[in-house]
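Turn this into a structure:
(chains A and B, ligands or ions: 4)
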Amino acid sequence: MVFKHDVVVVGAGLAGLRAALEVAGNADVALISKVYPTRSHSGAAQGGIAAALGNEEPDSWEWHMYDTVKGGDYLTDQNVAEILAQDAPRAVYELEHFGVPFNRTPEGKIAQRAFGGHTRDFGKAAVKRACYAADRSGRVMMDTLYFQVERKGIKAYPEFQMLDLIFKDKQVVGLVAYELATGEVHFFHSRVVMLATGGYGKIYKTTSNAFANTGEGLYIPYRAGIPLEDMEFVQFHPTGIYGLGVLLTEAARGEGGVLRNDAGERFMERYAPTIKDLAPRDMVSRAIWTEIRAGRGVGGKDYVHLDLTHLGEKKLAERLSDITSFVKIYLGLDPARELVPVQPTCHYMMGGIPCDVDGHVLGDKHEIITGLYAAGECSCLSLHGANRLGCNSLLDLVVFGRRTGLQIVRDLGRLPWNEPPENPDRATVERIRRIKERKTGEKVGSLRSSLQEVMTTNCSVFRHEETMEQALLEIRSLQERYARIAIDNKGLKFNTDLLDALELEALLGLAEAVTVSALNRKESRGAHSREDYPERNDEEWLKHTLIQKKDGEPRVFYKPVTITRFQPKPRTY
Amino acid sequence: MEMRFKIFRFDPEVDKEPRFQSYTVSAEPHHRILDCLNKIKWEQDGTLGYRMSCGHGICGSDGMRINGVCGLACQKLVKEYEGTEVVLEPLPHFKVLKDLIVEMDGFLEQVKRFRPYLISTSPPPEKERYQSPEDRKKVGDVIRCILCACCTAACPAMDENEKYVGPAALVWAYRLINDSRDDAFRERLKAVDFKDGVWSCKNYFECTRVCPKTIPVTKSINLLKREIEKTFPERSH
Ligand SMILES: Cc1cc2nc3c(=O)[nH]c(=O)nc-3n(C[C@H](O)[C@H](O)[C@H](O)COP(=O)(O)OP(=O)(O)OC[C@H]3O[C@@H](n4cnc5c(N)ncnc54)[C@H](O)[C@@H]3O)c2cc1C
Ligand code: SF4
Ligand code: SF4
Ligand code: FES
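Residues are numbered from 1 along each chain as shown, chains lettered A, B, ... in the order given. Ligands and ions are numbered 1, 2, ... in the order given. You can find the predicted model right below:
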């Protein structure tokens, strides 16, 4: 079937919802989402959203901007961080007006708490900047925006999965999507496609990410020749439940939780004397691995303890009840009395589709790709630089989701309806036919776990040329084997077997992009930590990586970082 | 350990009648039922249909009937079922689309009929609308809802009256009726005050028993009933 909408937003997480709200009423906008909108990954966000409201302690947007830049290890484009920090209070008040049930201070204002890397006076001490609704901030924000979208009557296509983007003369004319319930392949003809498809943490074995986070939203434009930016920067969150990756929010440390090694020592004091357990995620994750490697993991194993026992049942119930229940359900432990085994878990992708501050997707010559927009975790505005601060993602989604929506409305006047090429869905239909046709072959599941294993062992918190060369070899051999996969399910209805197979192509492609980008960056910065190049090297590497597919091969090139107010300094906390 | 499963299968493309199919997988005690489903699908039978996304009880995708009790497959650990054959069925009262996958639109429609968004008659202030911590506490439990539909599926009152809006819709009504920032209190109360609204709830407590987010669903519905009687004393049943 062919559907026609002025604007098609792909992804119904917070970025997509916020953008769609802005377009509604100005143009015909539709949302497509591979999972039911209310099941998008934004709902998993626990800790909160950053904004210098100053409700609990004096705060200022300049400090927030500074923290963002420093947190990003100076790879952050400072003009972007400035927009974020300045717009944050407005964005949070707006969410409050939409109905988000934030926790409150005794005077009835939005309550705020401490989070990693949030400081006052340019790094002097921790500050309470994160606005929160218990430890389910993302879920309530998403439900609130989803029902606002419903209220505006925006058309949603739930369980429709984008499989291709269609261009004509370098302009977007729509996309191809697969309807899960029927197995039909549809063409969406549009003037604008906005990508808000979130992250792709599923390239790793242990991850806080949802099963849906497989990255087609980035891989499809990459396959079409659009570059990806800063892909080597992958965030590992220090406190995933050991072995499972289920996240225990940083707010646990914001509320006073501490990390302890085998000897019961609060080891973060040695790594970040000023803000200790509230240091940014890259530093805490490295500290944990350093402890483990030095044999100070608990019982000599590869985890440490998160100690919440001194917080008291009341605080745990009021502010951290979801994670308390995760610990009870999955570990059978009571965090009010027992220590919780934790380990860094893949969490957030700083890299993505290069965009300007209004959501225009940029090509390899930094030119605007007409009709294509992106926001949220799949995009790269160079906001989070080499390491994202906690609570800056939810803020990014609503600030830049809205800006993108506004810009789409402004641009629509001069964006014509272009004729699509003939049979725009042909390549997709063909790809599906080929996979379904093969009678015997390798299973998708085993290839995928090999990939996740390779990335986890060779290209995670610590990296080295040798291990990454190894990873690259293995990824490429997996890519070859991918050509011989076969699936059991040849049916039409809810054929997730088929979609798993198609998603694996994206995972393989993105894993390659991450590894090649990481191999090329010969320094350590933020989340990218090279054992063979342990120092940050501003002279040569204060620049953004771009990676592009050229004749099937990834080509790497660079662009400068925008520096306005804050000159790079050594990053200590 | 070896885990035996008996799973409801129905593919309207090929099956006239639903059937059950048995599978055996090896699992560790701390594995989730969802991990077993994935193992079955990825290693044994790619035709099996079920939904999932977050894997830890936040997205609401994998509600199903597990040994007769509605719940999330990602929240149930294998060790709870040691030695039994685990029977997995789709949520009752919902139309089966394929295997464990049910139709969700009707469920969401019931939630939406009570306008699950803030209605305010005053223009928004420059900063936040104030709300005391005590007022915020009134919704502290119900904002945990993840729209998984386990409660509505489990509710025996749905057998007696299939037009009943169901507990989840009432949880959402409760959420806004008790939000001190909302200005549609009376209209909202009136909207749930009808036979297929709060009054179809017969206090079976099944919803409360199954809710994976431990929301006191029955209590909330009873508070709504009481609020209706208090606010509209002139009304009679
Ligand atoms: C456990 C956890 C806790 C977190 N806590 C916080 C926090 O406290 N504060 C904070 O700031 N950040 C937090 N984050 C990060 C933040 O939640 C994410 O970065 C953010 O939600 C991403 O939002 P998004 O709108 O970009 O995409 P998502 O919410 O991931 O949504 C992606 C959407 O795209 C759709 N989609 C994807 N691919 C396709 C396709 N091919 N076709 C169609 N649709 C598609 C999906 O269905 C979905 O609707 C947390 C993340 C995790 C994992
Ligand atoms: S009230 Fe509980 S069971 Fe019902 S939909 Fe919400 S979370 Fe699910
Ligand atoms: S308490 Fe009411 S809503 Fe809950 S299961 Fe019983 S009848 Fe249904
Ligand atoms: S998979 Fe998300 S709730 Fe179970």
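
quick one: the strands in chain B?
Here chain B has its strands, by DSSP state E, at B:2-9, B:19-26, B:63-66, B:69-72, B:85-89, B:96-98, B:101-102.

touching chain A at all, the shortest one?
This points to strand B:101-102. Yes: using Cβ under 8 Å from any Cβ of the partner chain, strand B:101-102 reaches chain A at residue B:101. All C-beta spots, glycine's among them, are computed from the backbone N, C-alpha and C.

Pull up the pairing partners for that strand, direction included.
strand B:96-98 (antiparallel) (DSSP bridges).

Need the residues that contact the partner strand.
With Cβ atoms under 8 Å, 6 or more residues apart in numbering or on different chains as the test, strand B:96-98 has contacts from A:181, A:493, A:494, B:8, B:10, B:11, B:12, B:18, B:49, B:90, B:102, B:103.

Show me the shaky parts of chain B.
Within chain B, the ranges that satisfy pLDDT under 70 run B:236-237.

per-residue confidence for residue A:294?
pLDDT for residue A:294: 94.

can you point me to the longest helix in chain A?
When chain A is parsed with DSSP state H, its longest helix is helix A:496-520.

Which is the succeeding secondary structure element to it?
Beyond helix A:496-520 on the C-terminal side, the first helix or strand identified by DSSP states H and E is strand A:529-530.

Figure out how far that next one is from the centre of its chain.
Here strand A:529-530 is found 20 Å from its chain centre; the criterion is Cα atoms, centre = their mean, to the nearest Å.

Same question for stretch B:15-29.
Taking Cα atoms, centre = their mean, one finds the center of stretch B:15-29 at 24 Å from the center of the full chain.

Tabulate the contacts of strand B:96-98 in TSV, adding columns for neighbour count.
Shown next, in TSV, are the contacts of strand B:96-98 (neighbours: other Cβ atoms under 10 Å in any protein chain shown):
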residue	neighbour count
A:181	15
A:493	19
A:494	25
B:8	17
B:10	19
B:11	20
B:12	11
B:18	14
B:49	24
B:90	24
B:102	21
B:103	13
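
export the residues you listed to a markdown table and tack on distance to residue A:458?
Shown next, in a markdown table, are the contacts of strand B:96-98 (distance: Cβ to Cβ, whole Å):
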| residue | distance to residue A:458 |
| --- | --- |
| A:181 | 39 |
| A:493 | 39 |
| A:494 | 35 |
| B:8 | 41 |
| B:10 | 43 |
| B:11 | 41 |
| B:12 | 45 |
| B:18 | 46 |
| B:49 | 35 |
| B:90 | 41 |
| B:102 | 41 |
| B:103 | 44 |
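
ok, those vs ligand 1, which is closest?
The closest of the contacts of strand B:96-98 to ligand 1 turns out to be residue A:181 (Cβ to the nearest ligand atom; 13.9 Å).

For the closest one, which three-state class applies?
Here residue A:181 is recorded as coil under DSSP: H, G, I helix; E, B strand; the rest coil.

any chance you could map the helices in chain B?
With DSSP H as the criterion, chain B has helices spanning B:33-39, B:105-112, B:133-137, B:150-154, B:157-160, B:167-177, B:185-192, B:206-210, B:217-231.

Mind checking those helices for the one nearest to ligand 1?
Among these, the nearest to ligand 1 by Cβ to the nearest ligand atom is helix B:105-112 (15.1 Å).

ok, residues contacting the closest one?
With contact meaning Cβ under 8 Å, 6+ apart, helix B:105-112 is reached by A:38, A:147, A:150, B:94-95, B:147, B:149, B:152, B:165-166, B:168-169, B:172.

Tell me the buried residues within those residues.
Neighbour counting over these (16 or more other Cβ atoms under 10 Å in any protein chain shown) leaves A:38, A:147, A:150, B:94, B:147, B:149, B:152, B:165, B:166, B:168, B:169, B:172 as the buried ones.

Arrange the residues you listed in CSV, one row each, with distance to ligand 4 as further columns.
Output for the buried ones among the contacts of helix B:105-112, formatted as CSV (distance: Cβ to the nearest ligand atom, whole Å):
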residue, distance to ligand 4
A:38, 11
A:147, 19
A:150, 21
B:94, 16
B:147, 10
B:149, 11
B:152, 16
B:165, 23
B:166, 19
B:168, 14
B:169, 19
B:172, 18
